[in-house]
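Colleague: Show me the folded form of this:
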Amino acid sequence: MSDKFGSYVSTNERHTLANNPALAGMGYSHQWVNHSENFVNPANGAHTQGIEGVWEVHVKQFTKIMRGVHREHLPSYLDEFLWRSWFFPRGARGNMIITGLVIAIVRSY
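Modeller: Predicted coordinates for the structure are as follows:
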């Protein structure tokens, strides 16, 4: 996981960043919502609906194309999905792919 792209973590209150040693100290900003009370935190607007929608529509479709994913390969498939979604529009071809690669390299280095 990287904070090179200004990432933030928005979670259900039960799974806070403070309780996740893998994310602690990585520089992420963190907001949460208590789903037993609200779907959107009224104090700061935090919600998990965006990632839930991405997971439901795009990630499930992406993994379905691959005819299911063995548990040990899931992280690499998710990495590929995210990388493609950041730098390549759907159906990218030719020059759009080259442009996406250049943008990925520039942002990473």
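Colleague: Now do the domain split for the protein, please.
Modeller: 1-47, 49-108 (automatic domain parsing).
Colleague: And those domains, which one averages the lowest pLDDT?
Modeller: Between the domains of the chain, the one with the least mean pLDDT is domain 1-47; it has a mean of 63.
Colleague: List the buried residues of stretch 91-101.
Modeller: In terms of neighbour count (16 or more other Cβ atoms under 10 Å), stretch 91-101 has its buried residues at Gly100. All C-beta atoms are positioned from the backbone trio N, CA, C, and that covers glycine.
Colleague: Check stretch 75-95 too.
Modeller: Quick answer for stretch 75-95 (16+ other Cβ under 10 Å): Phe81, Arg84, Phe87, Phe88.
Colleague: Among the residues you listed, name the ones in helices.
Modeller: Phe81, Arg84, Phe87 (DSSP state H).
Colleague: Of the residues you listed, which is the nearest to Trp32?
Modeller: Closest to Trp32 out of these is Phe81 (24.4 Å), distances taken as Cβ to Cβ.
Colleague: The closest one and Arg71, how far apart?
Modeller: 16 Å (Cβ to Cβ, to the nearest Å).
Colleague: what would the ones in helices among the buried residues of stretch 75-95 look like in CSV with distance to Ala43?
Modeller: Below are these laid out as CSV (distance: Cβ to Cβ, whole Å):
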residue, distance to Ala43
Phe81, 32
Arg84, 35
Phe87, 34
